[in-house]
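K.L.:
quick one, structure for this:
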Amino acid sequence: MTDISAPGDRLGADDPLARRQSEGERADPQGFAAQAAWTLTEPANEVFFTLVIRYVFSAYFVGHVAATSAQGDAMWASSQAIGGLAVAILAPVAGSYADAAGPRKGWIAFFALLAIGCCASLWWSAPGSAALPVIIAVTAAAIAVETMLAFTNAVLPSVASSRRAGLLSGITFGFGQLAGIIALVTIILLSEQANPLGMPKETRVVDRLSGPIAAAAILVFLVPLFLFVKDEPRRSFASRSAAATSGVKTLWATFREAVRNRNMRIFLIGRAFGSDGMSTVFAFGGILAARSFGWSADQLAVFGIVVTVFSAAGGFLGGFIDMRLGSRISLVSGLALVALGTAGILSTDETRLFGMPFGGADAPVFRSPQEIGFMISGAVIALGAGPVFASMRGLMAKIAPLDRMTAYFGVYAMVGKATNFLGPAVVLAVASSTGSLRIGLCVAFVFLAIGAWSFAQVKPERLA
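P.N.:
Got it, this is the predicted structure:
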C-alpha cells in the first residue's frame, strides 16, 4: 500500500484510527439501517437537480421571470458558473474543517436547511418577479446542495466496508434517478389539472412548485440519516479556530497527497475527463434531438424520463458489478457503453440510422426508425453512465484515507466542478470552426478514452 507520509507521522499499531481503518476493510462498521439510510441521500439532492436545474424551473426562469430570454440565459449561465466555482472552493475547505473537528451531521444539517429555505422561496417567484433575488436563491441552493453532497458522500465509509461501498453507491444512485422520475411525473400530473392547487395556470403554479417539492425531498430523504447513522466522534480542540487551522493544514496535506500519490492522481484525472466527457454528451444530447427530429419540450421530457429510467437501472447494475468484479471493470465498461451510445446519437438524424442512409423521419413522433434508434442510443449512454457515476464515488471511498475522507470528497467535488467547462468549451470551439455540432461532439470520445485509461490504472488500495 502506498504511503507518502513521514515515518513519524504513520499510525501506530495501537492507534484507534488504525484499528478502525483495519476493521473497516473487513466488516461493515454500521448495520443495515444505517446503510439503508445512507442510500436515501442521493434522492435528497437529485430532485433539486431534476426539477430546478435541468428541466422545470430553469426554463420557467428564462421564459417568465427574466425580462428577456437573452437576459435569462446570461443570468442562468452565470449562476451555474458562480455556483460551481463556489463549490470548488467551499467543499474541500469545509470538508477539511469537518475532518479535523470530527462530526459531520451538523454540517449536513446546516447546508440542508440553507437549501430547503432557498428552494422553498422559489414559490414566490411569480411571473414578472424581480429576477435578481430569484437567481440568488437558486445559486445559494445549488451551492448548499453540492456542498451537502460532499459531506453525505464522506459518510459512506463509516456505514459500510470497502467491499460494499460500490454496491451502496450504485443503489443510492439508482434511488436518486427514481426520485427524479417520480418528481417529473408529479409535475406532469399537476400540469394536467385545470386549476392546480386551486390557482389559475397563468400564475405558473406548477413551475413554481418545483422549488418546494425539491425542499420537501431534501427534508424527507435526509431524516433517516440523522436517525440511524452514527456520527463521527468529536475531536478535542481548544477552540473552533484551532480546528479551522488544523483543517486548513489537512486541506493542504490533502492536495499534496492527491498530487504526489500516483494512484490518487490517476484517479482524479479519470474523474475529471470521464465525468466531463459524459456531462458534455448529456448537455448537447437534447439539442441534437430537437435539431434532428423537431421534438417539442414535452417530447424532450419523455426522452428525459426514458434516459433517467435507464440511468437508474445502470446505477443498480453498476453497484452489483462493482461488488462482484470491482470498481475498475464497472468504470471502464460503463465508459465504453457511453462511447457506444454517443456514436449512435452522432450517426443518427432525420435521414440516417447509425450512419446508414434512411428515408425521411415522417412517421408519428417516436415511431420512425431514426427516432427509435436515437432513443436506444440515449438509453445506452444512460445505462453506461449509471455504473460510472456510482463506481467513481465507490472507488474514492476505497482509496481515500478514512481520517480525511470529507476533505478528499471535497477534492472529488472540486475536480468535477473545476473541469466541467472544458468539454463544452472544446466542443463549441470545434463546432464553430467546422460548422458542425456533431463533429464538435466527437471530442467527447477523447475525454471518455482518457477517463477509461485512467480508471484502468487505479489500484483499489487505500492511501495511508
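K.L.:
immediately after the helix-or-strand element of the chain with minimal mean pLDDT, which helix or strand?
P.N.:
Within the chain, no helix or strand scores below helix 16-26, which has a mean of 42 by mean pLDDT, DSSP states H and E. Read in the C-terminal direction, the helix or strand following helix 16-26 is helix 32-38, with elements assigned using DSSP states H and E.
K.L.:
helices of the stretch 351-464 of the chain, start to end?
P.N.:
Chain-ordered helices for the stretch 351-464 of the chain, with DSSP state H, counting those that start in this stretch as the definition, fall at 369-399, 405-418, 422-434, 437-441, 443-457.
K.L.:
of all those, which one is nearest residue 189?
P.N.:
Counting by Cβ to Cβ, residue 189 lies closest to helix 369-399 out of the helices of the stretch 351-464 of the chain; the figure is 22.8 Å. (Glycine included, C-beta is placed from N, CA and C.)
K.L.:
now the angle from the closest one to helix 443-457?
P.N.:
Between helix 369-399 and helix 443-457, the angle formed by their directions is 30 degrees, by axes from the mean of the first three to the mean of the last three Cα atoms, to 10 degrees.
K.L.:
show the contacting residues for the residue nearest to residue 344 when sequence neighbours are not counted.
P.N.:
For residue 344, the nearest residue in space outside its immediate sequence neighbours is residue 377; the separation is 2.9 Å by Cβ to Cβ, 6 or more residues apart in numbering. When the contact criterion is Cβ atoms under 8 Å, 6 or more residues apart in numbering, the partners of residue 377 are 341, 342, 343, 344, 345, 348.
K.L.:
run a quick neighbour tally on the fifth one.
P.N.:
Residue 345 is surrounded by 25 other residues when neighbours are defined as other Cβ atoms under 10 Å.
K.L.:
ok, the fourth one next?
P.N.:
A count of neighbours around residue 344, defined by other Cβ under 10 Å, yields 21.
K.L.:
so which strand or helix has it?
P.N.:
Counting by DSSP H and E, the element that carries residue 344 is helix 327-346.
K.L.:
circling back: ok, so of the contacts of residue 377, who is nearest residue 36?
P.N.:
Using Cβ to Cβ, residue 341 is the member of the contacts of residue 377 that lies nearest residue 36, at 31.6 Å.
K.L.:
wait, isn't the closest one in contact with residue 386?
P.N.:
No: counting by Cβ atoms under 8 Å, residue 341 stays clear of residue 386, with 12.0 Å between them.
K.L.:
of the two, which one has the most company?
P.N.:
Higher neighbour count among residue 341 and residue 386: residue 386, with 29 against 24, using other Cβ under 10 Å.
K.L.:
if I pick the closest residue to that one other than its chain neighbours, what's in contact with it?
P.N.:
Among residues not flanking residue 386 along the chain, residue 314 sits closest, at 2.3 Å (Cβ to Cβ, 6+ apart). Applying Cβ under 8 Å, 6+ apart, we find residue 314 in contact with 174, 334, 382, 383, 384, 385, 386, 387.
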